[in-house]
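Peer 1: starting from these lines, generate the structure:
(one chain, ligands or ions: 1)
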Amino acid sequence: MIGVMDGAPEIIVTEDHTALAEAAAQAIVEIAVEAVNAHARFTVALAGGSTPRATYERLARRPLRDRMPWDRTWIFFGDERGVAPDHPDSNYRMANQALLSKVPIPPRQISRIRGEAEDPEVAAAEYARHVGEVFECKRGRLPRFDLILLGMGVDGHTGSLFPGSPVLKEVFRPVAAVHAAAASIPQRFTFTLPVINAAAHVMFLVAGAEKAKVLKAVLGEPSSALPAAMVRPTNGRLVWLLDRAAATLLSPARGR
Ligand code: 6PG
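Peer 2: This next block holds a predicted model:
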């Protein structure tokens, strides 16, 4: 079900948000089992926002819960808000409530970004260092996640990569602290495009009619400067998992 190797994204349209969550959770299990069979662990960066919650909740429920190799799963976050882990807007808090607190992942295999840190630059560098250690990256090498989950805002942002941000031009640092004036919580932390585009699988989860217009722009103009359109895995698979409401403006050929 996952992706096509010619670099073109695979677009999967599901009936509604519930069906999207079911399809996403099943795909995550598939990728996790494939990764553990191939290299004995599954590394995934979770997306924030509200769309993925239903997917995380589905993963925490049987039967999918029993199919996941939790003891071999390593959880990271593709982005975080500059808040404490118990803050209502924390991506970690959402994922912990929906999934992490309900499944037997060894705590040392869950790495959150310290959004509450006094100095965001220090927290970003600390996270980048930790990711490098877990992936045993040689100097300058990028980590290759088995899966990076992403959402997309109505302005085409993804992770905490916002339109016009200088961080979109980052080529070295894997993690950046950003100040996103337009965001609900301006202090943000995000994986940069080099890390995202180095992943083996990237999966966007996009639901709701309010995303239809920007989705058409992102998928219709691959050279678009919108951050979500700049996600193009160099040697990986890109899947857009949509609900029908978000896909309304896509040409019939694009979705299936
Ligand atoms: C964040 C997310 C962000 C999110 C989009 C979509 O921290 O806000 O990483 O990129 O995925 O804003 O959010 P919704 O799923 O709530 O529409």
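Peer 1: measure the closest residue to Ser184 other than its chain neighbours to the ligand for me?
Peer 2: Spatial nearest neighbour of Ser184, chain neighbours left out: Asp89 (6.6 Å); criterion: CB to CB, 6 or more residues apart in numbering. Yep, even glycine has a C-beta here, placed from its N, CA and C like the rest. Noted for Asp89: a distance of 8 Å to the ligand, by CB to the nearest ligand atom, to the nearest Å.
Peer 1: show me the contacts for Asp89.
Peer 2: With contact taken as CB atoms under 8 Å, 6 or more residues apart in numbering, Asp89 is in contact with Arg81, Val83, Ser184, Ile185.
Peer 1: nearest to the ligand, of those residues?
Peer 2: Proximity of the contacts of Asp89 to the ligand was ranked by CB to the nearest ligand atom; the top entry is Arg81 with 6.0 Å.
Peer 1: burial count for the nearest residue to that closest one once chain neighbours are set aside?
Peer 2: Sequence neighbours aside, Ile185 is the residue nearest to Arg81 in space, at 4.0 Å (criterion: CB to CB, 6+ apart). Residues near Ile185, counting by other CB atoms under 10 Å, number 15.
Peer 1: does Ile185 sit in a helix, a strand or a coil?
Peer 2: coil (DSSP: H, G, I helix; E, B strand; the rest coil).
Peer 1: for it, phi and psi?
Peer 2: Backbone torsions for Ile185, taken as degrees, to the nearest 10, come to phi -120, psi 100.
Peer 1: hang on, the earlier thing: check the residue nearest to Ser184 and give its pLDDT.
Peer 2: On pLDDT, Asp89 comes in at 97.
Peer 1: what's the answer for the one 4 residues further on, then?
Peer 2: Listed pLDDT for Arg93 reads 98.
Peer 1: what helix or strand is it on?
Peer 2: If you go by DSSP states H and E, Arg93 is part of helix 91-98.
Peer 1: so for whichever helix or strand comes after that helix, what gets flagged as buried?
Peer 2: Next helix or strand after helix 91-98 toward the C-terminus (DSSP H and E): helix 120-134. The neighbour-count check on helix 120-134 (16 or more other CB atoms under 10 Å) flags Pro120, Ala123, Ala124, Tyr127, Ala128, Val131, Gly132, Val134 as buried.
Peer 1: identify the residues contacting the second one.
Peer 2: Spelled out, it's Ala123. Ile113, Arg114, Gly115, Ala117, Ala177, Phe189.
Peer 1: hmm, the helix holding Arg93 in reach of the ligand?
Peer 2: Yes - residues of helix 91-98 contacting the ligand under CB under 6 Å from any ligand atom: Asn91.
Peer 1: tell me which residues in that helix are buried?
Peer 2: Result for helix 91-98 [16+ other CB under 10 Å]: buried residues Asn91, Tyr92, Arg93, Met94, Ala95, Asn96, Ala98.
Peer 1: the residue nearest to the fourth one when sequence neighbours are not counted: how many residues sit nearby?
Peer 2: Leaving aside its sequence neighbours, Met94 sits nearest to Arg53 (CB to CB, 6+ apart; 5.9 Å). One way to gauge burial is a neighbour count; for Arg53, by other CB under 10 Å, it gives 18.
Peer 1: ok, longest helix in this protein?
Peer 2: If you go by DSSP state H, the chain has its longest helix at helix 17-39.
Peer 1: could you give me the buried positions within that one?
Peer 2: In helix 17-39, counting by 16+ other CB under 10 Å, buried: 17, 20-29, 31-32, 34-36.
Peer 1: nearest to the ligand, of those residues?
Peer 2: So of those, ranked by how close each gets to the ligand (CB to the nearest ligand atom), first place is His17, at 10.1 Å.
Peer 1: can you get me a residue count around Ser224?
Peer 2: 16.
Peer 1: follow-up on the earlier one: closest one of the buried residues of helix 91-98 to Phe204?
Peer 2: Asn91 (15.9 Å; CB to CB).
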